[in-house]
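Enquirer: from the sequence below, what's the structure:
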Amino acid sequence: MKKIEIILLCIVTMQLQAQTKKNVLLICIDDLRTELKSFGADYIISPNIDALAKKGTAFYNHYVNSPSCGPSRYTMLTGTYGFSKNDALFLRAKKIKENKENVNITMPEWFKNNGYTTVSLGKVSHHPGGLGGKDWNDPNVIEMPNAWDKSMMPVKEWQHPRGTMHGLANGEIRGKSGTMDVFQSTKGEDTIYPDGLVANKAIEELEILSKNKKPFFFAVGIIKPHLPFGAPKKYYDMYDGVQIPEIPHPNKPNYPSTWHGSGEFFRYNTWSKDPRKDKEFAKEVRKHYAACVTYADAQVGKIIEKLKETKQYKNTIIVLWGDHGWSLGDHGIWGKHSLFEEALHSPLIILDPSIKQCGKGTKAVVETVDVFPTLCDLAGLSIPNFTQGVSLKSILENPVEKGHIAYSYRGATKTIRTDRYRLILSGNGTELYDHQIDPYETKNIASEYPKLVKELKIMLKQKYAK
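Expert: Reported below is the predicted structural model:
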């Protein structure tokens, strides 16, 4: 009898522990630069994300580790620096399949091994839905093996996940990109674009997860404002009469740099217009980007509102993360893929209901690899020793605490960002920018401060070696 009582007591104890574990809601937004009202872009309409920032902690100096979707998501999901191409997670999966070497597990797998139900919806890894193959729907080609209990991407009239990635209204799929408009606004409900489907599916999934006895790790990936810039017309109309600010530094650098020709942008139909030469067209592009941000913000609002309805809000850590920035004409670039500030600087907001942040943002410099150890720390899980980031819990508790150096890379080009300087090392040479006097990185002062460059190179080498 006593043995049965002990077993029952153990079961009850385990159930109670599972119930008290914090859930995690991770919201990933594609190509979102710090173009939010809560991050200083006053003309942007982003009420739902701003509300999250007011309740949690906004990291105003968060930097991604690579300015492209695939490698940036690799760092967030593995907590390590890695490959710099979009197939980064598929390369990792190939290593696992070939069993050539030990491969560290991902963040969702770590949570899964610690008793969590793990679910992915939308664009969390590089491919929406997390599968490879011609149309990104081959169940035999998994981007993140062993990570998710369930991985989903609703497609409907877009036919397949590949279709949703660059989809426009009512099922338009990118074939030859030159025949697809670079921006669009179409009348209709949110579901005429793929993210409306993602938000609706997230609402359904939260209802299911809230009834599960196990804690959940639920990752939702919103595609917009990724190219092409398409959103329901009602979001574009919100910017009627809104003054779109001038680009503060629209000129291409006159020295060797990480500048590129915005090939991804000009792959689309731009009606023979060039925003680098046509100011009115540039403003129109930026207006459509803003509409996409507001559309994405509306989906975030729906998801968080549903979380509140399920009574799980007070027991859920919410993270909102932009996978990298996007240059809207800064330095004459319309795209990502550079190592300038605009491509690496992205929003990060963390709300832990057990920490009384009260909307106190922080200027501490942090980086994407910090997300994995931070979520472990906040959820009461051990932090795996292979992670290369650090927990940000102490900054959440004390927002005036200092951060650390942020390291980023693209191919062989590397950069570090301190609270004052950015150093870039590439085959073109060395770039040094002083953000105290040159926040837009328009003057390369590397040749004027060789001693400082040497010191920063040592710091970069140490960071890279980690």
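
Enquirer: list the contacts of the nearest residue to residue 323 once chain neighbours are set aside.
Expert: Take residue 323 and drop its neighbours on the chain: the residue closest to it by CB to CB, 6 or more residues apart in numbering is residue 72, 4.6 Å away. In short, each C-beta sits where N, CA and C put it, glycine included. Contacts for residue 72 (CB atoms under 8 Å, 6 or more residues apart in numbering) come out as 64, 65, 66, 323, 324, 368.

Enquirer: so residue 72 sits in a strand?
Expert: No. Counting by DSSP: H, G, I helix; E, B strand; the rest coil, residue 72 falls outside a strand, being helix.

Enquirer: picking up where we left off before, for the contacts of residue 72, work out which two are farthest apart.
Expert: Using CB to CB, the two most remote members of these are 65 and 323, lying 10.4 Å apart.

Enquirer: and whatever helix or strand residue 62 lives in, what's buried?
Expert: Assessed by DSSP states H and E, residue 62 sits inside strand 57-63. If you call a residue buried by 16 or more other CB atoms under 10 Å, then strand 57-63 has these buried ones: 57, 58, 59, 60, 61, 62, 63.

Enquirer: returning to what we had before: relative to residue 210, how far out is the residue nearest to residue 323?
Expert: Taking CB to CB, to the nearest Å as the measure, residue 72 falls 30 Å from residue 210.

Enquirer: just the element for residue 247, please.
Expert: Once you assign secondary structure using DSSP H and E, residue 247 falls outside every helix and strand.

Enquirer: quick check: it touching residue 327?
Expert: No. Shown here, residue 247 and residue 327 do not form a contact pair, counting by CB atoms under 8 Å, at 9.4 Å.

Enquirer: between these two, who's got more neighbours?
Expert: Between residue 247 and residue 327, counted using other CB atoms under 10 Å, residue 327 has the larger neighbour count: 24 against 20.

Enquirer: now do residue 386 against residue 105, distance only.
Expert: With the distance defined as CB to CB, residue 386 ends up 9 Å from residue 105.

Enquirer: these two: which is more packed in?
Expert: In terms of neighbours (other CB under 10 Å), residue 105 is the more surrounded of residue 386 and residue 105; the figures are 19 against 13.

Enquirer: okay, and that one sits in which element?
Expert: For residue 105, there is no helix or strand it lies in under DSSP H and E.

Enquirer: same deal with residue 52?
Expert: Using DSSP H and E, residue 52 maps to helix 47-55.

Enquirer: which parts of the chain belong to which domain?
Expert: When the chain is parsed with automatic domain parsing, its domains come out as 22-405, 412-466.

Enquirer: related to what we said a few turns ago, with distance to residue 342 and pLDDT added, can I get the buried residues of strand 57-63 in TSV?
Expert: Formatted as TSV, these follow (distance: CB to CB, whole Å; pLDDT from 0 to 100):
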residue	distance to residue 342	pLDDT
57	23	97
58	18	97
59	17	98
60	14	98
61	14	98
62	14	98
63	11	98
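
Enquirer: which among those residues gets closest to residue 122?
Expert: Nearest to residue 122 out of the buried residues of strand 57-63 is residue 62 (CB to CB; 20.9 Å).

Enquirer: need the contact list for that closest one.
Expert: Contact partners of residue 62, counting by CB under 8 Å, 6+ apart, are 345, 346, 347, 348, 366, 367, 368.

Enquirer: recalculate using a threshold of 6 Å.
Expert: Going by CB atoms under 6 Å, 6 or more residues apart in numbering, residue 62 touches 348, 366.

Enquirer: mind listing what residue 429 touches?
Expert: residue 256.

Enquirer: what is the burial count for residue 169?
Expert: The number of residues packed near residue 169 is 18, by other CB under 10 Å.

Enquirer: list phi and psi for it.
Expert: Dihedral pair for residue 169: phi -60, psi 140, per degrees, to the nearest 10.

Enquirer: measure the closest residue to it other than its chain neighbours to residue 296 for me?
Expert: Counting by CB to CB, 6+ apart, residue 186 is the residue found nearest to residue 169 once chain neighbours are left out, at 3.8 Å. Computed with CB to CB, the distance linking residue 186 and residue 296 is 16 Å.

Enquirer: so residue 26 makes contact with residue 218?
Expert: No. Taking contacts as CB atoms under 6 Å, residue 26 lies outside contact range of residue 218: 7.1 Å.

Enquirer: these two: which has the busier surroundings?
Expert: When residue 26 and residue 218 are compared for neighbours, residue 218 comes out ahead with 26 against 22, by other CB under 10 Å.

Enquirer: host element of residue 360?
Expert: Per DSSP H and E, residue 360 falls between elements, in no helix or strand.

Enquirer: how far away is the residue nearest to residue 212 when sequence neighbours are not counted from residue 36?
Expert: Using CB to CB, 6+ apart and skipping the chain neighbours, the partner closest in space to residue 212 is residue 117 (5.7 Å). Distance of residue 117 to residue 36, computed by CB to CB: 30 Å.
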